[in-house]
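**Q** Got a predicted structure here, sequence first:
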Amino acid sequence: MSSGPTAPPLDGVSPLPSLSWSIPGLREDPTMCLRCRSAQLLCGKPVCPILVKYQAFTRSLPMLGGGKELDGSSPPGLFVGRFGYPKVSIGPLVTASHGDTLLLDTPEDWVGRSVSDVVGYRTMLVRGTQQVNVLDAEKPIRLVEDVQTLALASESVEVEATFKRPPRGHLSLSDELPPYGPSAPIEKVRLDVRKVDAGLDRLASDTDATARTAVTELYDRGVKVSRIQRAFSAGTLGRRGRRKLVPTRWSITAVDDLLSKENLEQIREFPELSEFRLYRYTALDNRWFIAFLPGSFRYESIEAWYPNTLWNPNTERIVMLGDHEGFKGRTSYASMGGCYYAARLATTEELVRRRRQAGVLVFREVHPGEILPLGVWNVREHVRAALQQPFEAVGSMAELLSKMSESFAIPLPHWLSQSAVLHEARTQRKLEEFDAGVAA
């Protein structure tokens, strides 16, 4: 009797078959919503019905008392849309509050906050929009120039904005992006930028440095990833003639991917970890199980979504989805989307700190408290938070599996049948064993 799908070789990096189980008679592909997460509209509907459902629970968000003028502060924050690419909507994020609003667009500081806290921060932000071409980053019109200046700011910026109509709307939800509040076409904006980030400003002026070089240098200097993503999205980084506006959704994953690949260039040269290390963490009704395995680098991220969670609205089935890569990395885009790259960045940061390479497991069990999509920051920052805790030293693979069994509500066999890295670690014999057999 089969125990589930067999894991393919790591270097193949083809996605594992998604695993789910339930009583019979449900729709043919219960993983569709989890793979899509509103980004691809795989169901064929013009809008995501899951997000429509959750938006129905959020009240319409009138702002400014019906007026078209907004005098307030930007965290600083900006938004670049993706629909209609290469013509996209762009504009600042502005709140009616004055003073320090940095927290509203700094996901690095949201760990420990509740879902309602994060949603509260984001609903305060009004999104101004105007359609531009992504190539306008090189020779910016006035609004693009203002947004690029905003992207370089190191503190909150006072803003006066005039919209073509009063901003209204529902809470805008996405699995990649933090939530956003109401929006309206913007007519004009005036910024009072008093302080810019010196590193961002210098690299924005360096039109000989590639975007990869600029992003890496900023990261190495300790600039927050969210700030780098903002500058990357605004088209302020890269060589002359190659700069473009990048949709916010894409810029988040692109920066996570690029930085983790840069970390891996170092990690592949480090000594191999010789022991099992385990980190466990619980936040926002997510259970995290993160393990470093002895040996060379390989990486796997698996999510298990309970019924009645956001991307698993079916009430009778648990759905699991994962991606993995071997020592050489992967060449195809992960089916999990941005969460895969966000967790890879967080775990490679820890390996660089420890100056070791290892196998990496990031397992996430999502329970019904996951009521709204909060963006991939939820993965990156909570994995980072987990890795700041003292690790548990584990003596063997058997002990690691025992701890996994006690950590998760989902039975261990389901995780084992889904995991390529665990399959390889449990079944592959090491060269020393062959040498010992020959010697004997």
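**A** Structure received.
**Q** list the buried ones in stretch 366-373?
**A** With burial defined by 16 or more other Cβ atoms under 10 Å, the residues of stretch 366-373 counted as buried are 366-367, 370-373. C-betas here are computed from N, CA, C, even on glycine.
**Q** Tell me if residue 292 really is in a helix.
**A** No. Counting by DSSP: H, G, I helix; E, B strand; the rest coil, residue 292 is not part of a helix but strand.
**Q** For it, give me its contacts.
**A** Shown in contact with residue 292 (Cβ atoms under 8 Å, 6 or more residues apart in numbering): 273, 276-278, 350-351, 356, 358-361, 391.
**Q** Show me which of those is closest to residue 208.
**A** In terms of Cβ to Cβ, no member of the contacts of residue 292 lies closer to residue 208 than residue 351, at 31.3 Å.
**Q** I'd like the average pLDDT over the helix or strand that closest one falls within.
**A** Using DSSP states H and E, the element containing residue 351 is helix 338-354. The pLDDT scores in helix 338-354 average 97.
**Q** Which parts of that helix count as buried, going by neighbours?
**A** Within helix 338-354, the residues scored as buried using 16+ other Cβ under 10 Å are 338-352, 354.
**Q** any chance you could map the strands in the stretch 101-250 of the chain?
**A** Under the criterion DSSP state E, counting those that start in this stretch, the stretch 101-250 of the chain carries strands at the ranges 125-133, 157-163, 183-192.
**Q** any idea which of those strands is most buried?
**A** Using mean count of other Cβ atoms under 10 Å, the stretch among the strands of the stretch 101-250 of the chain with the largest mean neighbour count is strand 125-133, at a mean of 22.
**Q** which neighbours does that strand have in its sheet, and in what orientation?
**A** Partners of strand 125-133 in the sheet, by DSSP bridges, are strand 87-95 (antiparallel), strand 183-192 (parallel).
**Q** low-scoring stretches of the stretch 51-200 of the chain, by residue?
**A** 51-66, 169-175 (pLDDT under 70).
**Q** how about a cut-off of 90?
**A** 51-67, 83, 96, 114-125, 139-140, 166-183 (pLDDT under 90).
**Q** from what I can see residue 372 touches residue 117, true?
**A** No. Using Cβ atoms under 8 Å, residue 372 is not in contact with residue 117, being 12.0 Å away.
**Q** and residue 275, what is it in contact with?
**A** By Cβ under 8 Å, 6+ apart, the contact set of residue 275 is 294, 393-394.
**Q** Tell me where the chain has helices.
**A** 32-36, 49-56, 115-123, 142-152, 198-205, 211-220, 225-233, 248-267, 338-354, 377-387, 397-407, 412-418, 420-427, 431-439 (DSSP state H).
**Q** Rebuild the ones you listed as CSV, extending it with distance to residue 310.
**A** Formatted as CSV, the helices of the chain follow (distance: least, Cβ to Cβ, whole Å):
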stretch, distance to residue 310
helix 32-36, 9
helix 49-56, 7
helix 115-123, 11
helix 142-152, 30
helix 198-205, 34
helix 211-220, 30
helix 225-233, 22
helix 248-267, 17
helix 338-354, 12
helix 377-387, 11
helix 397-407, 22
helix 412-418, 20
helix 420-427, 25
helix 431-439, 45
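**Q** Compare those and give me the one nearest residue 287.
**A** Relative to residue 287, the nearest member of the helices of the chain by Cβ to Cβ is helix 397-407, separated by 6.4 Å.
**Q** got the angle for that closest one vs helix 420-427?
**A** Computed by axes from the mean of the first three to the mean of the last three Cα atoms, to 10 degrees, the angle separating helix 397-407 from helix 420-427 equals 140 degrees.
**Q** which parts of helix 397-407 are buried?
**A** 400-401, 403-404, 407.
**Q** Just the closest of the residues you listed to residue 423, please.
**A** Set against residue 423, the nearest of the buried residues of helix 397-407 by Cβ to Cβ is residue 401 (12.2 Å).
**Q** I figured that closest one hits residue 412, correct?
**A** Yes. Here residue 401 reaches residue 412: they are 6.3 Å apart, a contact under Cβ under 8 Å.
**Q** ok, the spatially closest residue to residue 110 that is not a sequence neighbour - contacts?
**A** Excluding the flanking residues, the one nearest residue 110 by Cβ to Cβ, 6 or more residues apart in numbering is residue 118, at 5.6 Å. Taking Cβ under 8 Å, 6+ apart, we find residue 118 in contact with 110, 178-179, 374.
**Q** of these, buried ones?
**A** 110, 178-179, 374.
**Q** okay, now residue 200: neighbour count?
**A** Counted with other Cβ atoms under 10 Å, the neighbours of residue 200 add up to 24.
**Q** residues contacting the closest residue to it other than its chain neighbours?
**A** Of all residues not flanking residue 200 in the chain, residue 152 sits nearest, at 4.7 Å (Cβ to Cβ, 6+ apart). Contact analysis of residue 152 by Cβ under 8 Å, 6+ apart lists 193, 196-197, 200-201, 204, 231, 236.
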